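1. mind looking at a prediction? Sequence and model below.
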Amino acid sequence: MKPELDHATMAKAFFGSHHPLFNAFGIEVAAVADAKAEMTMPFSEMLSDSRGALHRGTLVTLLDTTCGLAIFSALCSLRPIATIDLRVDYLRAIPVRSGLHAVVECIGWTDRVAFITGRGYALGDEMPLATVTGSFAINTLGPAFNSTERRTV
């Protein structure tokens with residue numbers, strides 16, 4: 001039996017500084033424990049739309065990333081996962097020059113699929129910008145997120 005990973009180790013393995021997309025977006029782990037994860041992303045002029053607000057795609061990326069971390073926390077494992085379905089419903093526009101905050105919970109899982117729900121916020125705002133629900137395949141073909149659980153196609 002493999003030893004369970006602590007949440008800090010999971011976050012570092014999943015969100016390592018070696019990941020170019022996370023580095024470019026400035027994504028940081030705010031919290032991870034008990035099947036829940038929170039991540040933030042600062043405002044970036046480079047990723048903004050014509051209004052001067054972060055592009056909606058950045059919020060989808062942040063939510064999807066936070067979903068993965070919540071699933072890793074729920075499973076206490078860095079097994080390979082893949083998005084099956086991700087639904088993002090926008091409630092309002094992203095404010096100009098605002099960073100983002102995502103809060104996601106893994107609400108259940110089977111041997112093969114994990115289910116999530118969460119919300120995206122403008123940094124410092126309690127009113128959600130969007131909601132997210134989705135399902136993720138567990139133990140997909142592809143690389144694991146740590147060196148002890150390698151799987152290849």
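-> Good, I have the coordinates.
2. name the SS class of residue 132, please.
-> Of the three states, residue 132 takes strand under DSSP: H, G, I helix; E, B strand; the rest coil.
3. who's it bridged to?
-> Beta bridges link residue 132 to residue 88, residue 118, judged by DSSP bridges.
4. just to check, it is in contact with residue 117?
-> Yes. With contact defined as Cβ atoms under 8 Å, residue 132 counts as touching residue 117 (7.0 Å). Where C-beta positions appear, they are placed from N, C-alpha and C, glycine not excepted.
5. how about residue 51, what does it touch?
-> When contacts are counted by Cβ atoms under 8 Å, 6 or more residues apart in numbering, residue 51 touches 93, 96.
6. just checking, what packs against the longest helix seen in the chain?
-> If you go by DSSP state H, the chain has its longest helix at helix 56-75. The contact analysis (3 or more Cβ pairs under 8 Å, 6 or more residues apart in numbering; DSSP states H and E) places helix 56-75 against helix 7-14, helix 20-25, strand 28-33, strand 36-41, strand 81-90, strand 100-109, strand 113-122, strand 128-138.
7. 6 Å - rerun?
-> The contact analysis (3 or more Cβ pairs under 6 Å, 6 or more residues apart in numbering; DSSP states H and E) places helix 56-75 against helix 7-14, strand 36-41, strand 81-90, strand 100-109, strand 113-122.
8. worst average pLDDT in these?
-> The minimum mean pLDDT among the helices and strands packed on helix 56-75 belongs to helix 7-14 (a mean of 67).
9. next one: the residue positioned nearest the centre of the chain from residue 52, what distance?
-> Centroid-nearest residue in the chain: residue 66, 1.6 Å away (criterion: Cα atoms, centre = their mean). Residue 66 is 24 Å from residue 52, where distance means Cβ to Cβ, to the nearest Å.
10. reformat the helices and strands packed on helix 56-75 as a markdown table; add mean neighbour count and distance to residue 56.
-> Listed next are the helices and strands packed on helix 56-75 as a markdown table, based on neighbours: other Cβ atoms under 10 Å; distance: least, Cβ to Cβ, whole Å:
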| stretch | mean neighbour count | distance to residue 56 |
| --- | --- | --- |
| helix 7-14 | 18 | 23 |
| strand 36-41 | 23 | 13 |
| strand 81-90 | 14 | 7 |
| strand 100-109 | 21 | 10 |
| strand 113-122 | 22 | 10 |
